[in-house]
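In: sequence plus the predicted model coming up.
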Amino acid sequence: MADVVKKDKSWIATLLLSILIGSLGIDRFFMGYIGLGILKLITLGGFGIWWLIDVILIASKHNFAKVNWVE
């Protein structure tokens, strides 16, 4: 399996995207998770549950496989 290259992403920008329009999957698209972004968009943020979990994960600077948080 190939190594995943982490991309630098602004933590505060991602958090704001997640809070404001995360139910549309925009935060997942921004972090590079296109498939999950589409799924989140179709389900309107997993009926609100997935949106809340993502807000908490991003706020706590969770170590996502494709993201390197920068301030």
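Out: Looks like it arrived, so ask away. Residues are numbered from 1 along each chain as shown.
In: what is the helix or strand bottoming out on mean pLDDT in the chain packed up against?
Out: Using mean pLDDT, DSSP states H and E, the weakest-scoring helix or strand in the chain turns out to be helix 44-47, at a mean of 89. Counting contacts by 3 or more C-beta pairs under 8 Å, 6 or more residues apart in numbering; DSSP states H and E, helix 44-47 is packed against helix 49-59. C-beta coordinates here come from the backbone N, C-alpha and C atoms, glycine included.
In: just the mean pLDDT for the helix it packs on, thanks.
Out: If you average the pLDDT over helix 49-59, you get 95.
In: ok, stretch 31-41 next?
Out: Mean predicted confidence for stretch 31-41 is 94.
In: quick one: buried residues of it?
Out: 31, 32, 33, 36, 37, 40 (16 or more other C-beta atoms under 10 Å).
In: now do the same contact list for residue 51.
Out: The contact partners of residue 51, taken as C-beta atoms under 8 Å, 6 or more residues apart in numbering, are 18, 22, 23, 40, 45.
In: without its sequence neighbours, what residue ends up closest to the fourth one?
Out: In this case it means residue 40. residue 25 (3.4 Å; C-beta to C-beta, 6 or more residues apart in numbering).
In: how close does that neighbour sit to residue 33?
Out: 9 Å (C-beta to C-beta, to the nearest Å).
In: want to throw the contacts of residue 51 into JSON lines with secondary structure and distance to residue 5?
Out: Formatted as JSON lines, those follow (DSSP: H, G, I helix; E, B strand; the rest coil; distance: C-beta to C-beta, whole Å):
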{"residue": "18", "secondary structure": "helix", "distance to residue 5": "22"}
{"residue": "22", "secondary structure": "helix", "distance to residue 5": "24"}
{"residue": "23", "secondary structure": "helix", "distance to residue 5": "28"}
{"residue": "40", "secondary structure": "helix", "distance to residue 5": "22"}
{"residue": "45", "secondary structure": "helix", "distance to residue 5": "27"}
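In: thanks a lot, see you next time.
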